[in-house]
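**Q** one predicted model, sequence on top.
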Amino acid sequence: MSKKLNLRYQSVTIIGGAGFLLMDLEDCLTHGSTLISADGGANNLDKTKYKLDYIIGDFDSLSNENLRKNGEVKLIEIKEQETTDFEKCLYSVDAATYFCIGFIGRRSDHFLSVCSTLVKYHYKRVILVGAYDIIFHLPKTFEIELPLGTRLSLFPMRHIIGVSDSGLQWSIAGLEFEPSKRIGTSNATVKKMVKITLSNNGMLCIIPRSCFKHVIEAFRN
């Protein structure tokens with residue numbers, strides 16, 4: 001692909017092949033009305049109810065021939081095999097925020113590759129929305145308002161030091177995180193306003209699905 005799809009002043013919804021709830025799709029479309037399928041993510045999409053704008057990928061899993069022939073859907077074929085279809089969507093589209101469903105669950109190897117891609121594209125606002133959890137890359141300094149007692153898990157994808165924090169039940173200040181040594185799952189909020197400062201990029205944040213709007217507001221601010 002010679003140039004990127006410029007949607008930088010818009011937010012987009014990307015659907016993958018791991019399955020998703022229609023409620024999650026509708027919530028994401030409320031905030032990102034441009035609908036993109038990562039290759040075969042749209043195979044089972046109800047085309048009478050949802051308007052698909054783009055399909056991006058190498059098309060090895062797109063089984064719905066009607067999508068290929070539908071002139072209303074723009075097909076962006078990227079043949080290289082070095083990246084996943086999820087990554088192809090991220091590097092070929094410039095958008096304000098990427099709301100991504102259908103990427104949590106089903107195949108663990110695919111899910112782990114998605115987590116790796118979140119770190120690789122840490123400079124983009126990418127929010128994975130699942131039936132139970134929301135996952136996103138944590139900026140080095142991040143502030144969010146959450147209900148008291150909210151589960152907030154931190155999972156490092158590389159060596160990272162907790163610089164400072166406020167609002168967490170268990171402080172992470174001064175702690176060294178690393179995937180094979182120390183992780184930060186099952187922390188919780190003790191104040192409504194939570195602030196976390198980290199030494200480096202590479203930390204994933206996992207919070208309940210019910211906090212979707214809180215995450216959106218935090219990224220807006």
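**A** Great, that's in hand. This is a predicted model, so every value here is computed, not measured.

**Q** secondary structure element for L90, which one?
**A** L90 is part of helix 85-92, with elements assigned from DSSP states H and E.

**Q** name the residues that touch that helix?
**A** The contact list for helix 85-92, computed with C-beta atoms under 8 Å, 6 or more residues apart in numbering, reads 1, 4-5, 14, 16, 36, 38-39, 41, 56-58, 61, 76, 78, 83, 98, 100, 103, 113-114, 117, 120-121, 124, 126. Every residue, glycine included, has its C-beta placed from N, CA and C.

**Q** any weak-confidence spans in the protein?
**A** Scanning the chain with the threshold set as pLDDT under 70 gives 1-3, 64-71.

**Q** can you rerun that using 50?
**A** Scanning the chain for pLDDT under 50 picks out the ranges 1.

**Q** what count of nearby residues applies to the residue lying closest to E176 once chain neighbours are set aside?
**A** Nearest residue to E176, sequence neighbours excluded (C-beta to C-beta, 6 or more residues apart in numbering): I161, at 5.4 Å. For I161, the count of nearby residues is 16 (other C-beta atoms under 10 Å).

**Q** need the contact partners of the helix or strand following the helix holding L90.
**A** Sequence-wise, the next helix or strand downstream of helix 85-92 (DSSP H and E) is strand 93-101. Contact with strand 93-101 is made by 4-16, 20-21, 24-25, 28, 31-32, 34, 36, 54, 56, 86, 89-90, 124-130, 216, 219, as judged by C-beta under 8 Å, 6+ apart.

**Q** would you confirm that I55 contacts I76?
**A** Yes - using C-beta atoms under 8 Å, I55 is in contact with I76, at 7.0 Å.

**Q** quick one, which of those two is more surrounded?
**A** Using other C-beta under 10 Å, the more surrounded residue of I55 and I76 is I55, with 27 against 16.

**Q** residue boundaries of the helices in this structure?
**A** Ranges of helices in the chain, per DSSP state H, are 22-31, 65-69, 85-92, 108-120, 212-220.

**Q** quick one on the thing from earlier: buried ones among the contacts of strand 93-101?
**A** Neighbour-count burial (16 or more other C-beta atoms under 10 Å) applied to the contacts of strand 93-101 gives 5, 7, 11-16, 20, 24-25, 28, 31-32, 34, 36, 54, 56, 86, 89-90, 124-130, 216, 219.

**Q** can you list the domain ranges for the chain.
**A** 5-131, 141-220 (automatic domain parsing).
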